[in-house]
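A.B. asks: Sequence first, then the predicted structure:
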Amino acid sequence: MELIINNLSKTYDNGVEALKNVTLEIPKGMFGLLGPNGAGKSTLMRTIATLQDADEGSILLDDLNVQTHKHPVRRMLGYLPQQFGLYPKMSAELLLNHFAVLKGITNKLERKQIIEALLHKTNLYDVRKRNLGGFSGGMKQRFGIAQALLNNPKLLIVDEPTAGLDPKERNRFYNLLSAIAEDTIVIFSTHIVDDIKELCTKMAIINRGEVVLQGNPLELIEQFNGKIYQKSIKRSELESYKKLYNVINDKLFLGKPIIQIISEENPRNGFVPVDPSLEDVYFSQINN
Ligand code: ADP
């Protein structure tokens, strides 16, 4: 199973070009879509999830055209949007049962078995009788995944799933997604660079509606070997360094500014070479 996106473009009525010729090949496994706020990630995900149309281009799930065959695609699709409303006074088990009925799982025994399996899978079985209003952010997101998995999807789309989760909940959530990705295409978006490196076999960086880089995270990092240098500077020097060098990142270390630059040759002048990180790859594309 593979998702092939070809030259997808979308301009909103207000003139914002949210997607510009987006072309991506997404195989089974975890695929991370990384980009700053407003880059076009949600637009892309909603379009793949058949919830809105593009102006141009195509999306193929194997040989199924996603835009012209929305109904069969929806049967193979699970989607967890960024904003996911829950009924706070309902228990997880009841609401899941309700969603299952809506998704057409009419056989009561089958429904019970599916729901039980999903509650176990998402680690919510012990709290299944509790009202959703009392769930933590992580529990709510895991519930969101449980409902997205009701129809046993071949393609799971999750939009910014870890926003607002603490590191422990984030880890737990990503472990769940990784397990699902063993036999499913899982696409998730994030603006958090660290979320991608260990998790994804493939990733794309999207900026201002365009895919600026795609590939395996570790291979993308490798391309920057020997090209990243850093130097501790004075705060007042930052602007002049920005004029002289290709500064991709400036951050504080023990309260002092450190700049990272990208350079084909050793710039000397007090710069030291450092191992590239995914953050360097990201900022090299985003800050341009
Ligand atoms: P991301 O998910 O990466 O934050 P979005 O896809 O939400 O990006 O947005 C991409 C761009 O399209 C932004 O400039 C946003 O303001 C704009 N946009 C998103 N949805 C709409 C809409 N329904 N109407 C007009 N502009 C929109």
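C.D. replies: On my side now, so go ahead.
A.B. asks: give me the low-pLDDT residue ranges for the stretch 101-250 of the chain?
C.D. replies: Flagging of the stretch 101-250 of the chain using pLDDT under 70 yields an empty set of residue ranges.
A.B. asks: quick one: the helices in it?
C.D. replies: Under the criterion DSSP state H, counting those that start in this stretch, the stretch 101-250 of the chain contains helices at 108-121, 137-148, 167-180, 217-222, 238-244.
A.B. asks: Would you convert those into JSON lines that also reports distance to residue 277 and mean neighbour count?
C.D. replies: The way it works is simple: take the backbone N, C-alpha and C, and place the C-beta from them, glycine included. Listed next are the helices of the stretch 101-250 of the chain as JSON lines, based on distance: least, C-beta to C-beta, whole Å; neighbours: other C-beta atoms under 10 Å:
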{"stretch": "helix 108-121", "distance to residue 277": "33", "mean neighbour count": "15"}
{"stretch": "helix 137-148", "distance to residue 277": "26", "mean neighbour count": "22"}
{"stretch": "helix 167-180", "distance to residue 277": "18", "mean neighbour count": "16"}
{"stretch": "helix 217-222", "distance to residue 277": "7", "mean neighbour count": "16"}
{"stretch": "helix 238-244", "distance to residue 277": "20", "mean neighbour count": "12"}
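A.B. asks: Count the residues that sit near the residue lying closest to residue 245 once chain neighbours are set aside.
C.D. replies: Nearest non-adjacent residue to residue 245, counting by C-beta to C-beta, 6 or more residues apart in numbering: residue 261, 4.3 Å away. For residue 261, the count of nearby residues is 22 (other C-beta atoms under 10 Å).
A.B. asks: can I assume residue 261 sits in a strand?
C.D. replies: Yes. Residue 261 sits within a strand when classified using DSSP: H, G, I helix; E, B strand; the rest coil.
A.B. asks: While we're on it, how confident is the model there?
C.D. replies: On pLDDT, residue 261 comes in at 95.
A.B. asks: that older thread, format the helices of the stretch 101-250 of the chain as CSV; extra columns: distance to the ligand.
C.D. replies: What follows is the helices of the stretch 101-250 of the chain, written out as CSV (distance: least, C-beta to the nearest ligand atom, whole Å):
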stretch, distance to the ligand
helix 108-121, 27
helix 137-148, 17
helix 167-180, 18
helix 217-222, 19
helix 238-244, 26
